[in-house]
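Colleague: predicted model and sequence follow; I will ask about them next.
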Amino acid sequence: MADPLVGTAVAGVVGFLGGWALKYVGPKSQVVFWYPHNSFFQVPQPGAKGTTFNVLTSAVTVQNLGRRPARTVELRYNRRPDHFTVTPARPWTDRTIAQGQHVVTMATLGHNEWFTVEVLGFANLAALTHVRSDDGRVAWCR
């Protein structure tokens, strides 16, 4: 009677340790981002001597270096940029939240996949405020 009980206990402990290992030691997503460029220009207005207007160009690249897909990767800007593009072409959504921030969302980002958001602003100089993922911490690469 003790042998089946010991076997069940050992199987339970091994199953628990296996589940723990998969959750805490197993493959994870690892989302990182960096700025390929940020530039600010004061462009002279044609025909208006001495007056300029501001132009901001910037880019942020986001990549998943982990072995598991990252879920719901979001880039938040302080306001909606005048113009922006996402490359390479892939499905994404954008929205403005109640606080006035603009959010670009990628539903998933697979192993070693990446995307870049290019921003051009002249009236609304939008700045990236934060990058997040449902899977946890997002690291900034310098």
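Modeller: Arrived safely. Numbers count the residues shown, from 1 in each chain.
Colleague: quick one: the helices in the protein?
Modeller: 2-24 (DSSP state H).
Colleague: so where's it shaky on pLDDT?
Modeller: Across the chain, the ranges flagged by pLDDT under 70 are 1-2, 20-26, 142.
Colleague: go again using 80 as the cut-off
Modeller: Within the chain, the ranges that satisfy pLDDT under 80 run 1-27, 48, 123-124, 136-137, 140-142.
Colleague: just checking, Asn54 touches Ser39?
Modeller: No - under the criterion of C-beta atoms under 8 Å, Asn54 lies out of contact with Ser39, with a separation of 11.2 Å. C-betas here are computed from N, CA, C, even on glycine.
Colleague: more crowded one of those two?
Modeller: Using other C-beta atoms under 10 Å as the criterion, Asn54 and Ser39 rank with Asn54 on top: 12 against 9.
Colleague: how about that one, what does it touch?
Modeller: Contacts for Asn54 were tallied using C-beta atoms under 8 Å, 6 or more residues apart in numbering; they are Phe40, Phe41, Gln42, Val43, Phe122, Leu125.
Colleague: these, buried ones only, as a ChimeraX selection?
Modeller: A single ChimeraX command is used to select the members of these judged buried by 16 or more other C-beta atoms under 10 Å:
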select :125
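Colleague: brilliant, that's me finished.
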